[in-house]
Each structure stands twice: as structure tokens, then as C-alpha cells.
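Visitor: What follows is a predicted protein model with its sequence.
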Amino acid sequence: MTDELMTIRAMCDAFDVTPRTLRFYESKELLAPIRDGQKRLFTKRDRARLKLILRGKRFGFSLEEIRQLLDLYDVGDHQFTQLSQTYRLARERLADLERQRVELDEVITDLRTQLEWGERALASATGASPGGGNDGGS
């Protein structure tokens, strides 16, 4: 095996994924390792694609979106289409994440307010001071 090819075990170790994950990506036509009998040998291109797949998943892209973006590599325009589509999709994803963050911040603030109300309600029902515990000694 040359430095250009990696076994499934080496890929798993290098990218912290399982063999099942690699076989799944292969079944979805995201990776295309060389088959040598039962052995799968991954090329430099497979490694680059896996790196992009894992990054895309981390950013919340669907596997179908990732597959479509990877397929644009072979358009023949020096990856301009791939880059511009990736950039557009990434901008949309960033906007979605920022909206989700705003919504999450609002929910957290609301939940804190409700917990403070609950704390006061519990304290008044038990005669304890807000903030926990009761005023009586042990």
C-alpha cells in the first residue's frame, strides 16, 4: 500500500469514525474507495471528501446537500460553481444558526424568569426566604 491509499482501519483512526460510517457514506455515493476483494482502499480524494463531509455535518448540512456540493467538484470550472454554491449554502446555514441562537437565548431568559418565580412561590409557601433553605435552625 502506498502513502496515497489508506485502509478502512487507517481511515477510522485518522478521522475518528467507525467502519459502519465509512460504509454508509460509500452506500450514499459520498465516498468511492477502491475495492480489492473485500478490502476497501481510500484515496487522497476520499480523505478530502470525508473531511468535507464531516465538516458539513458539523455545520448542520444534510447528507444530500453535502453530496450535491461534492458532486460540483467535477463541473470543470476550477471549482467556481462548487465554491459559490457552498458559500451560498453556508451563508444560509449561518443565518439559520444565528436565528436559532436568538430564539434559544429568549427561551433561556424566559425559563430563568419562570424559575425565579417558582423559587419565590415555593419560598412563600414554605415560609423560607428566597434563594433556598428555610429561616429556621437545624
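Guide: Structure received. Numbering: from 1, shown residues only.

Visitor: so what does the helix or strand Ala123 falls within touch, helix or strand wise?
Guide: For Ala123, the element it lies in under DSSP states H and E is helix 80-126. Applying 3 or more C-beta pairs under 8 Å, 6 or more residues apart in numbering; DSSP states H and E, one finds that helix 80-126 contacts helix 63-71. All C-beta spots, glycine's among them, are computed from the backbone N, C-alpha and C.

Visitor: List the buried residues in the helix it packs on.
Guide: Glu65, Ile66, Arg67, Leu69, Leu70 (16 or more other C-beta atoms under 10 Å).

Visitor: Who are the contact partners of the residue nearest to the last one when sequence neighbours are not counted?
Guide: When the adjacent residues along the chain are set aside, Leu70 lies closest to Arg49, with 5.8 Å between them (C-beta to C-beta, 6 or more residues apart in numbering). With contact taken as C-beta atoms under 8 Å, 6 or more residues apart in numbering, Arg49 is in contact with Leu30, Leu31, Leu70.

Visitor: Now do the SS call for the first one.
Guide: Counting by DSSP: H, G, I helix; E, B strand; the rest coil, the backbone at Leu30 sits in coil.

Visitor: can you tell me which residues contact the residue nearest the centre of the chain?
Guide: Nearest residue to the geometric centre of the chain (C-alpha atoms, centre = their mean): Arg58, 2.2 Å. Contact partners of Arg58, counting by C-beta under 8 Å, 6+ apart, are absent.

Visitor: Good, wrapping up.
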